[in-house]
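**Q** next comes the sequence, and after it the predicted model I'd like to discuss.
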Amino acid sequence: MSTQSSGTVTMAQALNRALRDALTEDEDVLVFGEDVGQLGGVFRITDGLTADFGEERCFDTPLAEAGIAGFAVGLAMQGFRPVIEMQFDAFGYPAFEQVVSHIAKMRNRTRSMLTMPIVIRIPYAGGIGGVEHHCDSSEGYYAHTPGLHVVTPSTPADAYSLLREAISSPDPVVFMEPKALYWSKAELELPARTEPFGRAAVRREGSDVTLVAYGPQVPNALKAAEVAAEEEGWSVEVIDLRTLVPFDDETVAASVRKTGRCVVVSEAAGFGGVGGEIAARVSERCFHSLAAPVLRVSGLDIPYPPPMLEHTHLPGVDRILDAMARLQWDDQPDVAHLEVSR
């Protein structure tokens, strides 16, 4: 069984501890993927697991993402709980057919005779100066696929707790890990248990406007809220979704009904993205409480740019502040002239 430990913990360390505790407590848990064994993963999330649990529990695979996912399907059918890593977000696209056609549909296809207790770990999003195929925001593809849970933590505590819940789930979970937050730190006692799937967290309370964010953009939303309070006197509430599927309509709607204004912040390209779905849900559920249109701040609608242009592509504090300023809660503008913030 796991032991208690406390102190400053990075998200990477919290994820490693979650995998370690799951392997210790359940012999059916297997961890595999490209370079996750001896190397410990590109980001060292699986560091030490092969040494401690052996090559039969944590092992390397060929460079074949479709094969990794297909192998996980077969193992899940035999009662194992595979935890697979796609190494980088855009590396996971060759496995997409397996994920959508089989992992997501197997339980429905077999009328629950076969479950798919598979966790697909995907380091995603930007902020690390990576090149094409190494920085992408693919959460929209998975969130649009019925049969999958989609999870993205923003804190070490949630990283540990949500990954443990994902591994114990009978259904497949796409676990999106923000690469830029791997080295973020927090005082934490492990093992930690936070709110379960489907519950968002109010990271900062406010009364003037709601910022809805997830994963890598939560720190930017919190910083923007801090700057808005210090420089403009605005009271900003920040909601961290934690799980995209299932989605916590209750917490988000309660916040927007209180503030009357909402800005959705997401790192992916804006068109057809998760941010648009969130904006639509808020508009449908909170229409009579809204004092202004729901605005979005997102990545640009372009392929991921070279590292030197990353700062232009990604949402940041200034763009979030600009969106909030355009809501103009002192003198309401003509809403017909408001445009969606990108």
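**A** All right, it came through fine. Numbers count the residues shown, from 1 in each chain.

**Q** helices of the stretch 101-250 of the chain, start to end?
**A** 106-109, 139-143, 156-168, 218-232, 249-259 (DSSP state H, counting those that start in this stretch).

**Q** right, and those - which one's nearest H311?
**A** Among those, the nearest to H311 by C-beta to C-beta is helix 218-232 (12.0 Å). Just so you know, the C-beta spots here come from the backbone N, C-alpha and C atoms, and that holds for glycine as well.

**Q** chain center to the closest one, what's the gap?
**A** Centroid displacement of helix 218-232 relative to its chain, using C-alpha atoms, centre = their mean, to the nearest Å, is 21 Å.

**Q** hey, C-alpha coordinates of the longest strand along the chain in CSV?
**A** Across the chain, the longest stretch assigned as strand under DSSP state E is strand 262-269. What follows is strand 262-269, C-alpha atoms only, in CSV (Å, rounded to 0.1, in the frame of the first residue of the first chain):
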residue,chain,number,x,y,z
CYS,A,262,-18.5,35.0,-19.0
VAL,A,263,-15.2,34.5,-20.9
VAL,A,264,-14.1,31.0,-22.0
VAL,A,265,-10.4,30.5,-22.2
SER,A,266,-8.9,27.6,-24.1
GLU,A,267,-5.6,27.0,-25.8
ALA,A,268,-6.9,25.1,-28.9
ALA,A,269,-7.9,26.8,-32.1
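
**Q** that strand to helix 218-232, inter-axis angle?
**A** Interaxial angle of strand 262-269 relative to helix 218-232 (axes from the mean of the first three to the mean of the last three C-alpha atoms, to 10 degrees): 140 degrees.

**Q** I'd like the next helix or strand past strand 262-269.
**A** Scanning forward in sequence from strand 262-269 by DSSP states H and E, the next helix or strand is helix 274-286.

**Q** deepest-packed of the helices of the stretch 101-250 of the chain, please.
**A** Sort the helices of the stretch 101-250 of the chain by mean neighbour count, taking mean count of other C-beta atoms under 10 Å, and helix 156-168 sits at the top with a mean of 24.

**Q** output the below-cut-off pLDDT ranges for this protein.
**A** Counting by pLDDT under 70, the chain has low-confidence residues at 1-5, 329-342.

**Q** list the contacts for the most centrally placed residue in it?
**A** Against the mean C-alpha coordinate of the chain, by C-alpha atoms, centre = their mean, the closest residue is T152 at 1.9 Å. By C-beta atoms under 8 Å, 6 or more residues apart in numbering, the contact set of T152 is 124, 139, 175-178, 214-215, 241-244.

**Q** distance of it relative to T194?
**A** According to C-beta to C-beta, to the nearest Å, T152 and T194 sit 14 Å apart.

**Q** which parts of stretch 63-74 are buried?
**A** Of all the residues in stretch 63-74, those buried under the rule 16 or more other C-beta atoms under 10 Å are 65, 68-73.

**Q** so how far is stretch 196-212 from its chain's centroid?
**A** 15 Å.

**Q** hang on, the earlier thing: phi first, then psi, for the residue nearest to the centre of the chain.
**A** Main-chain dihedrals, T152, degrees, to the nearest 10: phi -150, psi 100.

**Q** any idea how far P62 is from it?
**A** Plainly put, T152 is 28 Å away from P62 if you go by C-beta to C-beta.

**Q** over to I103?
**A** I103 is 19 Å from P62, by C-beta to C-beta.

**Q** repeat that for E195.
**A** Applying C-beta to C-beta to E195 and P62 gives a distance of 38 Å.

**Q** one step back: partner strands of the longest strand of the chain and their direction?
**A** Partner strands and pairing direction for strand 262-269 (DSSP bridges) are strand 209-213 (parallel), strand 295-299 (parallel).

**Q** ok now the last one, how far from the chain's centre?
**A** Taking the mean C-alpha point of strand 295-299 and that of its whole chain, the gap between them comes to 16 Å (C-alpha atoms, centre = their mean).

**Q** same question, the first one
**A** Here the centre of strand 209-213 is set off from its chain's centre by 16 Å, with C-alpha atoms, centre = their mean.

**Q** stretch 283-301 now?
**A** Taking mean C-alpha positions (C-alpha atoms, centre = their mean), stretch 283-301 and its chain are 21 Å apart.

**Q** before we move on, what about stretch 109-118?
**A** Distance of stretch 109-118 from the chain centroid (C-alpha atoms, centre = their mean) equals 24 Å.

**Q** neighbouring contacts of it?
**A** Contacts for stretch 109-118 (C-beta under 8 Å, 6+ apart): 72-73, 76-77, 81-84, 103-104, 106-107, 167-173.
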